[in-house]
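1. Sharing a model prediction with you, sequence too.
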Amino acid sequence: MLDKLEQTAIKNNIPIMSKDGINYLINFIKENKVKTILEIGTAIGYSAIKMAFIDPEIKIVTIERDQNRYNEAIVNVKEFGLEKQIDVILADALEIDITSKFDLVFIDAAKAQYIKFFEKFKHNLNKHGIIVSDNLNFHGLVNSDKTDLSRNLRNLVLKIEKYIQFLENNIEFKTKFINIGDGISISRKDDEDEN
């Protein structure tokens, strides 16, 4: 059934995580015993469903601002019987207030807003919480020659490069960049100074 979801996404040009990327994320969640996840960017619910399948105790809140994708995600979550594990919210992530704390925040939405997402949702992390961001290679366009790109695409790639610099220079978090799938970053709160 997940294969069907993958095919639907590919056919309709809906961005979902690459197989390598999602497999890496699933192993990471298992190894780090992550139980609560906030996902920014649901699309049709593919990654949330994959993450929920890891462990019935995992709870996911996922935010999607596109009405059609939200509707599809709701249908897909129901189809897999995961309504108790996955809470899909229709909203613009930058305009919603979420007070719960999470082990992991997964950013996979509007690339131009990554810094804003990071700054906003870092406050929703449990102690030793982790922020994972996807698409940091952006189909191989990051740190490449941009002369042939359209203006919009060039601006988007520059914003992703700015986000990478933001992570590299962030003194609050230590970030590892993983060259798997479309490029993933893993940012952990630097709690070494705490007693």
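-> Yes, it's here. Numbering: from 1, shown residues only.
2. tell me which element the closest residue to L90 other than its chain neighbours is part of?
-> Once flanking residues are discounted, L90 sits nearest to Y70: 4.4 Å by C-beta to C-beta, 6 or more residues apart in numbering. Quick note: C-beta positions are derived from backbone N, CA and C, even for glycine. Assigned by DSSP states H and E, Y70 falls within helix 67-79.
3. which outside residues touch that helix?
-> 1, 5, 14, 42-46, 48-49, 62, 64, 83, 86, 88, 90 (C-beta atoms under 8 Å, 6 or more residues apart in numbering).
4. Mind checking which of those are in helices?
-> Counting by DSSP state H, the part of the contacts of helix 67-79 found in helices is 5, 46, 48-49.
5. which element is the residue lying closest to Y163 once chain neighbours are set aside on?
-> Nearest in space to Y163, with sequence neighbours left out and distances taken as C-beta to C-beta, 6+ apart, is Y114 at 4.2 Å. Element membership of Y114 [criterion: DSSP H and E] is helix 114-121.
6. I'd say R188 and N170 touch.
-> No. The criterion here is C-beta atoms under 8 Å, and R188 misses it with N170 at 10.8 Å.
7. which residues of the chain score low on pLDDT?
-> For the chain, the stretches flagged by pLDDT under 70 are 191-195.
8. residue ranges for the helices of it, please.
-> 2-11, 19-31, 46-52, 67-79, 114-121, 151-168.
9. which among the contacts of helix 67-79 end up buried?
-> Taking 16 or more other C-beta atoms under 10 Å as the criterion, what is buried in the contacts of helix 67-79 is 5, 14, 42-46, 48-49, 62, 64, 86, 88, 90.
10. check contacts around the closest residue to A110 other than its chain neighbours.
-> Once flanking residues are discounted, A110 sits nearest to G41: 7.5 Å by C-beta to C-beta, 6+ apart. By C-beta under 8 Å, 6+ apart, the contact set of G41 is 62-64, 93, 107-110.
11. As a markdown table, those with distance to K174 would be great.
-> Below are the contacts of G41 laid out as a markdown table (distance: C-beta to C-beta, whole Å):
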| residue | distance to K174 |
| --- | --- |
| T62 | 26 |
| I63 | 26 |
| E64 | 29 |
| A93 | 24 |
| I107 | 17 |
| D108 | 21 |
| A109 | 23 |
| A110 | 25 |
